[in-house]
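Peer 1: Pasting the sequence and the predicted model now:
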Amino acid sequence: MGTWQLVLCGLVMLLGLIGVVVPGLPGPPIVWAGVLWWSMAETTVLSWGVLAGATAVLLLNQAVKWLLPARRMRVAGVTRRTFLVAGAAGIAGFFVVPVLGAPLGFVAGIYGAERRRLGAHGEAWASTRMVMRAIGTSVLIELCACLLVTGAWVAAVVAG
């Protein structure tokens, strides 16, 4: 594999890492696609091993990412309706205040739905913070998995 192809594979993985923290970009599939591209061009035992490891780590990431935060929110009593309201508020916020309105609208939607459900400001704000922590945990888990895969790729490129 040539230097330019390695650079392009690295840029694809960098885009995937950015996609983890930027809503709308599917980070893990992009990182996996970069590893797949490299392993298809390299075709060594090491490259196939890295691809198999990356696949396992990213599949495990998907399971953990969806199980842990969902359990925390179920225990707190947060409903699906809260997320529907938050999603709609995020979409509306995106058009009212371009780009920055989406996360602001999402948080405002969570707070509004929880305020209606719980009644008091303090309880609604505590629930909103808990939901945002759970979502942050999910992003952190995904970022760690993608960094692990990217680090394994870098180590394999340097070693190979």
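Peer 2: Yep, that arrived. Numbers count the residues shown, from 1 in each chain.
Peer 1: Please tell me how far residue 119 sits from residue 127.
Peer 2: Distance from residue 119 to residue 127, counting by C-beta to C-beta, to the nearest Å: 11 Å. Glycine gets a C-beta too; all of them are placed from N, C-alpha and C.
Peer 1: who has more neighbours, those two?
Peer 2: Taking neighbours as other C-beta atoms under 10 Å, residue 119 and residue 127 compare with residue 127 leading, 22 against 9.
Peer 1: in this protein, which spans are helices?
Peer 2: Along the chain, counting by DSSP state H, helices occupy 3-21, 27-42, 45-76, 80-96, 101-118, 121-159.
Peer 1: Let me have these in CSV, extended by mean pLDDT.
Peer 2: Formatted as CSV, the helices of the chain follow (pLDDT from 0 to 100):
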stretch, mean pLDDT
helix 3-21, 91
helix 27-42, 95
helix 45-76, 87
helix 80-96, 85
helix 101-118, 89
helix 121-159, 89
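Peer 1: how many neighbours does the residue nearest to residue 101 when sequence neighbours are not counted have?
Peer 2: Once flanking residues are discounted, residue 101 sits nearest to residue 93: 3.4 Å by C-beta to C-beta, 6 or more residues apart in numbering. A count of nearby residues for residue 93, using other C-beta under 10 Å, gives 21.
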